[in-house]
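>>> only geometry, no sequence info:
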């Protein structure tokens, strides 16, 4: 994206950075396995693919919060950087 001088001087670039995805696996975010529901992506034999849930998918499964069979699933993510909570 190319920003004109006016947009940079008036903070548009900072707003874009603030809106960045802090749960991006490619930037270092990860699933906290100890505080999350068990994942179908972590087989007994094979590679743990739990963090793949953080990748954007074109058509995620309907009515499925993430890859687990738990009724009340929990997904805890270690973000790339701290986000100030808003209430």
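Looks like it came in fine. Fair warning: this is a prediction, and the values are worked out from it, not measured in the lab.
>>> Any regions of this structure where pLDDT drops low?
By pLDDT under 70, the low-scoring segments of the chain are 1-20, 40-44, 46-70.
>>> and if we set it to 80?
For the chain, the stretches with pLDDT under 80 are 1-26, 31, 33, 35-75, 85-87.
>>> Just give the number of residues close to residue 73.
If you count neighbours by other C-beta atoms under 10 Å, residue 73 ends up with 15. Glycine gets a C-beta too; all of them are placed from N, C-alpha and C.
>>> Same check on the one 4 residues further on?
Counted with other C-beta under 10 Å, residues neighbouring residue 77 total 17.
>>> Show the backbone phi and psi for it.
Note on residue 77: backbone dihedrals following degrees, to the nearest 10 are phi -120, psi 130.
>>> May I have the beta-bridge partners of it?
For residue 77, the beta-bridge partners under DSSP bridges are residue 31.
>>> wait, doesn't it sit right on residue 30?
Yes - with contact defined as C-beta atoms under 8 Å, residue 77 reaches residue 30; the gap is 7.3 Å.
>>> What residues does residue 79 make contact with?
Residues near residue 79 by C-beta atoms under 8 Å, 6 or more residues apart in numbering: 22, 23, 29.
>>> Quick check: the first one is in a strand.
Spelled out, it's residue 22. No - Residue 22 is assigned coil when assessed by DSSP: H, G, I helix; E, B strand; the rest coil, not a strand.
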